[in-house]
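Visitor: Generate coordinates for the sequence data below:
(one chain, ligands or ions: 1)
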Amino acid sequence: MATIHSFPSKEAIAPALFSLILDCQKVAIERHGRFQVAVSGGSLPAVLALALLEEEAVTQILWEKWEIFFADERAVPLDHEDSNYGLLKAELLDKLPEGTPQPNVVPIDTEYLDDVQELADQYNTALINHFAKRDSILKPAFDLLLLGCGPDGHTCSLFPNHELLREHDAWVAAIEDSPKPPPKRITLTLPVIAHASKVAFVATGAGKQEILKKIFESPEDGLPCSLVNTALGEKVMWFVDHPAVEGVSYPRRSSL
Ligand SMILES: O=C(O)[C@H](O)[C@@H](O)[C@H](O)[C@H](O)COP(=O)(O)O
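Guide: Alright, predicted model coming up:
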């Protein structure tokens, strides 16, 4: 069963998120010498920056061992205001202190922006190059997925009732009708998400309250976030602020 950890504010979430990241980094590097993470867009990169730009964090994070992928990405140039890569760069990567070893960041190949299926296929190939070839595995096993939750219960670019929720084969899928703009995107699929070692969701603000109630109290409705909770059970941790989780009735909930 997933756990919910609730904090007074975004700022208060940061140290707990940092501590989880540090634990996952340690386990991953001991296991295979690198730390393979995928991140979403939305409000997540800003919270991540709060967690990872602290002085203590900068010295303990082994950036040179990090491989950063995108849990979902919009089919736009990397310097476009809608780019999740651009967002992560602006919020976090550009703010790392001078001299910090650089992580290996794997963005989409913008040569294929006009053909979103090809864009997804190319990202699939990038995953094969980083995971399967080295580990002879059938599916990428991310050490940590850092995800957001939309007000409709979507995560990555997997939207409620969308046919992509039934994708079993592809690791990365194309979507051309995303209800959240921009419409053309690529996303990790549920089987890949379900194969991760750990998933951390970050959701803040009273605007998430109603959907968190549905996600946790009615998992049988099969909202994308509920599907992740069900698939991964205790490997899933939710980092939320008090306003987001107020009134949500759920047994595995702790509050600071
Ligand atoms: O590119 C995207 O649109 C995101 O990856 C998306 O899945 C996001 O994480 C959620 O919509 C939550 O966004 P907020 O945290 O901004 O509510």
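Visitor: Show the subsequent helix or strand relative to the lowest-mean-pLDDT helix or strand in the chain.
Guide: Lowest by mean pLDDT, DSSP states H and E among the helices and strands of the chain is helix 133-135, with a mean of 61. Toward the C-terminal end, the helix or strand that comes next after helix 133-135 (DSSP states H and E) is strand 144-148.
Visitor: So which bits of that next one are buried?
Guide: 144-148 (16 or more other CB atoms under 10 Å). Every C-beta, even on glycine, is put in place using the N, C-alpha and C of the backbone.
Visitor: What helices and strands are in contact with that strand?
Guide: In terms of contacts (3 or more CB pairs under 8 Å, 6 or more residues apart in numbering; DSSP states H and E), strand 144-148 is packed against helix 10-32, strand 35-39, helix 44-52, strand 199-203.
Visitor: how about the residues of this structure near the ligand?
Guide: Contact residues (CB under 6 Å from any ligand atom) of the chain with the ligand: 40-44, 72, 84, 148-150, 154-156, 180.
Visitor: are any of those buried, and which?
Guide: Buried subset of the residues of the chain next to the ligand (neighbour count, 16+ other CB under 10 Å): 40-44, 72, 84, 148-150, 154-156.
Visitor: And the furthest pair within those?
Guide: The most widely separated members of those, counting by CB to CB, are 84 and 149 (15.3 Å).
Visitor: what are the ranges of the helices in the stretch 101-250 of the chain?
Guide: Per DSSP state H, counting those that start in this stretch, the stretch 101-250 of the chain carries helices over the ranges 116-127, 133-135, 190-193, 209-217, 224-232, 242-245.
Visitor: Distance to residue 23 and mean neighbour count for these - can I get that in JSON lines?
Guide: Putting the helices of the stretch 101-250 of the chain into JSON lines (distance: least, CB to CB, whole Å; neighbours: other CB atoms under 10 Å) gives the following:
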{"stretch": "helix 116-127", "distance to residue 23": "24", "mean neighbour count": "19"}
{"stretch": "helix 133-135", "distance to residue 23": "21", "mean neighbour count": "11"}
{"stretch": "helix 190-193", "distance to residue 23": "20", "mean neighbour count": "21"}
{"stretch": "helix 209-217", "distance to residue 23": "24", "mean neighbour count": "19"}
{"stretch": "helix 224-232", "distance to residue 23": "16", "mean neighbour count": "22"}
{"stretch": "helix 242-245", "distance to residue 23": "23", "mean neighbour count": "20"}
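Visitor: which stretch in the ones you listed has the least confidence?
Guide: Ranked by mean pLDDT, the helices of the stretch 101-250 of the chain end with helix 133-135 at the bottom, a mean of 61.
Visitor: Between the buried residues of strand 144-148, which sits nearest the ligand?
Guide: Checking the buried residues of strand 144-148 against the ligand by CB to the nearest ligand atom gives residue 148 as the nearest, at 2.5 Å.
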